[in-house]
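Engineer: Could you look at this predicted model? Sequence included:
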Amino acid sequence: MLKKMKLLFHVTALCFSMVSAQTGPTQVGDTHQVFVSPDATSDIKPETIGDTETYDITHQGASYMVVHFKSFDFPPSCFMDVTNGDGSQSSTLRGRGRQELKTFWARHVTGDVLKLKMTCRNGERGMFEVDEYAAGFPEDTEKKFEDDNGVLSICGTDDKRNAVCYQDSHPDLYEKGMAVARLLISGTGLCTGWLVHGSNLLMTNEHCISTQSAAQNTDYEFMRENGACSSTGCQNCAGDIHEGTALLAVNGPWDYALIQLDSTRNPGAMYGYLELDVRRPPEGELLFIPQHPGGQPKKFGIVDTFQNDGECKVEGYSPGCAPTDMRYTCDTEGGSSGSPVLSRTNNKVVALHHCGGACNGNLGAPIIDFYDDIKDFFGPPQPTASPTECDGKILEYEIVHDNYPQDITWELANSAGDIIEEGGSGTTEMFCLPPNDCYTFTINDSYGDGICCSYGEGSYTLTWDGSVIGGGNDFTSVDTTEFGNSCGGQTGSPTKSPTKPPTPSPTKNPTKSPTNSPIASPSDSGDGFVKISAFQAMQKSRSNGKLKPKLFFRVKNEDKDNVVNAAVGVSAHYIASGTASDMTQNISCVTNLQGRCHIKLKAYDQNEFSKLSVTVSSVDSDVGEYSPDNNKKSGGCPLFSSECPDYTVT
């Protein structure tokens, strides 16, 4: 192995004179003034087709584009899609925009063209003003980014490699790296962050994010990875962008920031999270640093040719940018700030990278030194209990919305006319119902145009006991489906109300759905086994006081590839208290291209049910047999195995 020139003297505190206090995230783009508005004085005039006005902003050679809204205020009849040049990346803004901030940075898109597409109906218009945009430095810029304190953090040869290079040789490390995100802060700043808890908490540096505004105006982008090991640069490697809602804790001396991410899409269930190791690893312990140096796709710091054995490892501890810092010479770069430093003995985080020093030692704040400050944000482990099977039948409601999900409401009533369940703009609901009744499901569209095809192409489906009984998209204001064993003397066959003919479509073309989620390759068929590699359960309080549980799964095969179209069968047991009776629910979900699926369980009243436990009864796929003994471990044993058959949702 070709080794770097190694220093012949022992590194002392003198070396850290090269290290200075952090000043902010690495700059990866410049801002430019512009005035874009529906006003006649706008610098950019729109192209109008039907109900849509499109404003194009171009900055030749930019690696990414993002706009800043000085103001944004849309009526319910309007929305705006922010897309890249070909429309393959898109996010939608409504109301007062990102988290109702009114003034904010929108989500970025890759490339040098950004389009703002405003669509309104009823002759209304949205009000907005763009006062500046950021353009990313060209991807072929030939430079290594200095770390945020002005010190180049690469020691000799740059040993960092694309994350995908380790997918086969170090699959456990690759999976841990999925929890690491690229942070684009307020349009131009770049750092790294990582999920630290199942409740979607993310950790990065204080010098990256130190204010509530910065936390809310950051794109937390997971799975921005290059698909080839040897590739350099990847302008179109768009990942999956999430948003932050709150800055929970921040500390300058130890340079940490803890942020709550929006749990609506639950990134923790999609990408997992990293565990903390509250100890001080000895010198020589092997390390691993997943990071986004200089804004590049994710890279891993594992190899360190500065060391005789070529391994990234603990070099020692000394005062540095923090009162005490762990020192290591594996390569980082500007933008790597906020990366987790993991011990390779247990794949847990032992330090928070925050300072550069190259061959004198890059620096990470040891977790043990500030853990007591943040531990109260992490909940206790979840207990387990036993489930039983459901004795009812399952109604499943699924909907793909058009561009106005707020128009939709629905309700489910029994034969007495009592409303059992109701909802609005969600996408999936499942209910366990006693079969010997007659039920009515009613879906309403307040605008009267159904969910296709005036403003996007949507549809909905009702499934009862495994059979499709209703659905469609061509209704106007209301669509009703009757089902159950007591409907007009029938034995379960549904009766569906006639629907009104669709209204003529306006000239507007339907908009595209967001496509910035990461895409994984489907697994090849084989005779191996499949397992549950990730699992999370969570509950949310509804306005009526009931708890609404959700379960999230990820399925992989024995080679740790994602398994697509696997049916995960689940039994949920609601344990009654007082005079109520136990209730059970048997449901399933089918994995997507990332090997993930989720289940929404029936909401329940804590005064009626004291405990909810779940177990996985089956995972059916064409890839191989389900092997619960190889599932993700919790509490020392594989989840849903004979050793730990069930899990209590808390």
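Structural biologist: Arrived safely.

Engineer: Spit out the contact partners of Gly277.
Structural biologist: Actually, residue 277 is Asp. It isn't Gly. Ser343, Asn346, Lys348, Val349, Val350, Ile367 (C-beta atoms under 8 Å, 6 or more residues apart in numbering). Placement of C-beta: from N, CA and C, glycine included.

Engineer: and what of Leu612?
Structural biologist: Pro549, Ala572, His573, Tyr574, Ile575, Leu601, Tyr604, Thr648, Val649.

Engineer: mind listing what the one helix or strand it maps to pairs with, with the direction of each?
Structural biologist: Per DSSP states H and E, Leu612 falls inside strand 609-620. Here strand 609-620 has these sheet partners by DSSP bridges: strand 567-576 (antiparallel), strand 647-649 (antiparallel).

Engineer: With distance to Ala135 and mean neighbour count added, can I get those strands in JSON lines?
Structural biologist: Shown next, in JSON lines, are the strands paired with strand 609-620 (distance: least, C-beta to C-beta, whole Å; neighbours: other C-beta atoms under 10 Å):
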{"stretch": "strand 567-576", "distance to Ala135": "44", "mean neighbour count": "20"}
{"stretch": "strand 647-649", "distance to Ala135": "46", "mean neighbour count": "20"}
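
Engineer: any chance of those strands in a markdown table, plus distance to Ser77 and mean pLDDT?
Structural biologist: A markdown table is the format used below for the strands paired with strand 609-620 (distance: least, C-beta to C-beta, whole Å; pLDDT from 0 to 100):
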| stretch | distance to Ser77 | mean pLDDT |
| --- | --- | --- |
| strand 567-576 | 39 | 90 |
| strand 647-649 | 39 | 88 |
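
Engineer: JSON lines for those, including distance to Ile587?
Structural biologist: Shown next, in JSON lines, are those (distance: least, C-beta to C-beta, whole Å):
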{"stretch": "strand 567-576", "distance to Ile587": "5"}
{"stretch": "strand 647-649", "distance to Ile587": "13"}
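
Engineer: Identify whichever of these lies nearest to Thr329.
Structural biologist: Proximity to Thr329 (C-beta to C-beta) singles out strand 647-649 among those, at 42.5 Å.

Engineer: about what we covered before: between the contacts of Leu612, which is closest to Gly252?
Structural biologist: Distances from Gly252 to these, taken by C-beta to C-beta, are shortest for Val649, at 38.3 Å.

Engineer: got a list of what that closest one touches?
Structural biologist: Gln382, Ala537, Met538, Gln539, Pro549, Leu551, Leu601, Leu612, Ser613, Val614.

Engineer: Output the longest strand belonging to this protein.
Structural biologist: strand 528-541 (DSSP state E).

Engineer: what angle do the helix or strand that that strand is followed by and strand 609-620 make?
Structural biologist: Next helix or strand after strand 528-541 toward the C-terminus (DSSP H and E): strand 547-557. Using axes from the mean of the first three to the mean of the last three C-alpha atoms, to 10 degrees, the inter-axis angle of strand 547-557 relative to strand 609-620 is 20 degrees.

Engineer: Could I get the average pLDDT for strand 547-557?
Structural biologist: For strand 547-557, mean pLDDT rounds to 84.

Engineer: where in the chain is pLDDT low?
Structural biologist: Within the chain, the stretches with pLDDT under 70 are 1-22, 140-156, 233-236, 358, 379-391, 425-426, 488-527, 541-544, 593-594, 635.

Engineer: Which residue comes closest to the residue most central in space within it once chain neighbours are left out?
Structural biologist: For the chain, the residue nearest the mean C-alpha position is Pro267 (3.0 Å; C-alpha atoms, centre = their mean). Spatial nearest neighbour of Pro267, chain neighbours left out: His242 (4.9 Å); criterion: C-beta to C-beta, 6 or more residues apart in numbering.
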